[in-house]
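> Structure for this input, please:
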Amino acid sequence: MPLRRTANGKLIDMEALATKYEMTRAVSNQKLNARGDIVDSNNNVIKKATEKVNERYHKTVTNKTAVEGAVSGLQQKTVHKPTSEIDLSQLSEFEKEFEMPDEDEEAIQKIKGKEKKK
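Next up, the predicted model:
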């Protein structure tokens, strides 16, 4: 960070100032130091800011089963295949049009099968 000039004309290096006091308790109603770590009354770090960020990230972004799998080292992809076929005799003619595969879909499936083999 470049040096900043105060209203009185003094030069202040804000980055050096922040680094110098990063472990000092911040003046606030929260129990934090300047880095964002949770501290006790004796300025001992209870939980680091990076731990707090990681916990919130895992709560909001990741899938719980994926996180558990990554932790245990057993992360596996599961593919769910349909267990039952649709009974076309119970569908109307309009519904059958959507359920019946057409030539375009068959051609696409053949191309996908060839690409998987490569």
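
> drop to CA atoms for contacts and neighbour counts, all remaining ones
Fine.

> Give the next helix or strand downstream of the helix or strand of the chain with the lowest mean pLDDT.
Lowest by mean pLDDT, DSSP states H and E among the helices and strands of the chain is helix 64-72, with a mean of 58. Tracing the chain C-terminally past helix 64-72 and defining elements by DSSP states H and E, one meets helix 93-99 next.

> Now do the buried residues in that next one.
Neighbour counts using 16 or more other C-alpha atoms under 10 Å place no residue of helix 93-99 among the buried ones.

> per-residue confidence averaged over that helix?
Taken as a whole, helix 93-99 has a mean pLDDT of 73.

> Could you chop this protein up by domain?
Structurally, the chain divides into domains by automatic domain parsing as follows: 4-71, 90-117.

> Out of those domains, which gets the lowest mean score?
Sorting the domains of the chain by mean pLDDT places domain 90-117 lowest, at a mean of 74.

> Quick one: end-to-end length of that domain, please.
Domain 90-117 stretches 37 Å from its first residue to its last (C-alpha to C-alpha, to the nearest Å).

> Distance of the spatially most central residue of the chain relative to Val53?
Centrality entry for the chain: nearest residue to the mean C-alpha point is Val61, 3.5 Å, by C-alpha atoms, centre = their mean. Remark: distance between Val61 and Val53 (C-alpha to C-alpha) = 12 Å.

> same deal with Val27?
21 Å.

> what do you get for Lys20?
Distance, Lys20 to Val53, using C-alpha to C-alpha: 23 Å.

> can you check Ala26 too?
Remark: distance between Ala26 and Val53 (C-alpha to C-alpha) = 19 Å.

> for Arg35, same thing?
12 Å.

> more crowded one of the two?
Taking other C-alpha atoms under 10 Å, Arg35 and Val53 do not tie; Arg35 has more neighbours (17 against 11).

> Checking the more buried one next. Helix, strand or coil?
Assigned state for Arg35: coil (three-state reduction, DSSP: H, G, I helix; E, B strand; the rest coil).

> right, and it touches Ala49 too?
Yes. At 7.0 Å, Arg35 and Ala49 qualify as touching, with contact defined as C-alpha atoms under 8 Å.
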